[in-house]
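**Q** sequence and predicted structure below; questions after.
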Amino acid sequence: MAEIQIRNVAKRFGEYQALRDINLTVADQEFMVLLGASGCGKTTLLRIIAGLETPTEGEVWIGERRVDHLAPRDRGIAMVFQNYAVFPHLTVFENIGFGLRMHRLPDEEVRKRVHRTAELMHIEELLGRYSGELSGGQRQRVAVARALAMEPDVILMDEPLSNLDALLRLEMRAELKGVLAESRTTAIYVTHDQVEAMSLADRISVMHQGRIVQAATPVEVYRNPAEKFVAGFIGNPPMNFLPARSVGEGQWEVAGITLAGPRSDRPGLDFAIRPEDVTPDPAGLAARVRVVEPLGPHLLVTCDVDGHMFRAILDSELSVAPGETLNLMPRPDRIRWFDPETEKAVS
């Protein structure tokens, strides 16, 4: 059982508050992704779980053990770093078996585990080579194999695919997800790449300014962002925002049209809709087209709606040109509303 519990964790570096009141439970065998922009605290949180940083406040539990007072080697974890940390003077076999040798496992057990994880990562034919003879993708596979060979309760990964080119990242994402599911290891993965997060995670914890603002499945984070930050951070392009004015009980005026929305005592809310969730309709928002970008089966159309930038993803067969005015109707079931003061979702 390798459930991870982060309880009321905070971290300060001098007067700088890197983490504040972090509470998170990662289920046994779950693949959790920590997602956020640079400086949001995700790597600091990962290093606290690993034992490379000490929390200023709070507790870290793995299974039934509190581990925040334990050295990294005593926590039952393995870590994969961004720079791979593959030893150039050792062969692939020796790299994968390095941690096992440090734990003084018998030679036969080392050989068995090395071959098993090399086979899992499809690098069994590379075991006799040195890292200088390997491509970036092969070195990444070696780093993951070395971590898995330890048979850890938890594997922690800090942006491990960021140094690979786009095509190789795509290949490694699919491979990594399959391998970790097969190994039944609890995983926490740090990235700033939302596509990587959406494709890998069982759940995503979105971090912003040292706190977790939403922890949910990729679909829930995308469809139902809990805060305006999440709506603007997740998605490419992100959600569109327009101011909304109350014109009656549950009725809101948005850029000249009236839409049904939540009942609220606020005079105004922020209306939000994803670019793919609008369709041409004469009764819709008046959108003056500024830029049209063909994207194969779709057009990305950047418009001006009542003085605000507004993007729409439309069928490529639609005839659209800069300077024209489109009328775009939001799908009612895909609209999100946010309190302009708290920036939290209003339902």
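**A** Yep, that arrived.

**Q** mind listing the helices for the protein?
**A** Using DSSP state H, the helices of the chain run over residues 42-50, 92-96, 98-102, 107-120, 136-149, 166-183, 194-200, 218-223, 228-233.

**Q** which helices and strands sit right next to the last one?
**A** Think helix 228-233. strand 203-208, strand 211-216, strand 240-248, strand 268-273, strand 336-338 (3 or more Cβ pairs under 8 Å, 6 or more residues apart in numbering; DSSP states H and E). All C-beta atoms are positioned from the backbone trio N, CA, C, and that covers glycine.

**Q** just the CA atoms of that helix, as CSV, please.
**A** What follows is helix 228-233, C-alpha atoms only, in CSV (Å, rounded to 0.1, in the frame of the first residue of the first chain):
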residue,chain,number,x,y,z
LYS,A,228,-10.5,31.4,-13.2
PHE,A,229,-6.8,30.8,-13.1
VAL,A,230,-7.4,27.1,-14.1
ALA,A,231,-9.7,28.1,-16.9
GLY,A,232,-7.1,30.5,-18.3
PHE,A,233,-4.2,28.1,-17.8
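
**Q** which residues sit against it?
**A** 36-37, 194, 206, 208, 213-214, 221, 225, 238-239, 241, 270, 272, 336, 338, 343-344 (Cβ atoms under 8 Å, 6 or more residues apart in numbering).

**Q** repeat that for the longest one.
**A** Where contact means Cβ under 8 Å, 6+ apart, the residues beyond helix 166-183 that reach it are 31, 120-122, 136-137, 140-141, 144, 148, 155, 160-161, 164, 187, 196, 199-200.

**Q** try 7 Å this time
**A** Applying Cβ atoms under 7 Å, 6 or more residues apart in numbering, the contact partners of helix 166-183 are 31, 120-121, 137, 140, 144, 148, 161, 164, 187, 196, 199-200.

**Q** what's the longest strand in this structure?
**A** Secondary structure of the chain per DSSP state E: the longest strand is strand 278-295.

**Q** helices or strands next to it in the packing?
**A** For strand 278-295, the helices and strands in contact under the criterion 3 or more Cβ pairs under 7 Å, 6 or more residues apart in numbering; DSSP states H and E are strand 257-260, strand 298-305, strand 308-315, strand 325-330.

**Q** and of those, who's closest to Tyr16?
**A** strand 308-315 (33.4 Å; Cβ to Cβ).

**Q** buried ones in that closest one?
**A** 310-314 (16 or more other Cβ atoms under 10 Å).

**Q** just the residues contacting that strand, thanks.
**A** The contact list for strand 308-315 (Cβ under 7 Å, 6+ apart) reads 237, 240, 242, 275-276, 278, 287, 298-303, 320, 328.

**Q** now it: average pLDDT?
**A** Per-residue pLDDT over strand 308-315 has a mean of 97.

**Q** could I get the pLDDT score of Met1?
**A** Met1 carries a pLDDT value of 60.

**Q** whoops, I mixed them up, Glu171
**A** Looking at Glu171, its pLDDT is 78.

**Q** so which of the helices and strands packed on strand 278-295 is nearest Leu45?
**A** Among the helices and strands packed on strand 278-295, strand 308-315 sits nearest to Leu45 (Cβ to Cβ), with 32.2 Å.

**Q** between that closest one and strand 325-330, how big is the angle?
**A** 80 degrees (axes from the mean of the first three to the mean of the last three Cα atoms, to 10 degrees).

**Q** from the chain's centroid, how far away is strand 308-315?
**A** For strand 308-315, the gap between its own C-alpha mean and the chain's C-alpha mean amounts to 24 Å (Cα atoms, centre = their mean, to the nearest Å).

**Q** so in this protein, where's the weakest helix or strand by average pLDDT?
**A** Least confident helix or strand of the chain, by mean pLDDT, DSSP states H and E, is helix 166-183 with a mean of 79.

**Q** point out the most buried one among the helices and strands packed on helix 228-233.
**A** strand 203-208 (a mean of 24; mean count of other Cβ atoms under 10 Å).

**Q** who are the neighbours in contact with Gln17?
**A** Gly210.
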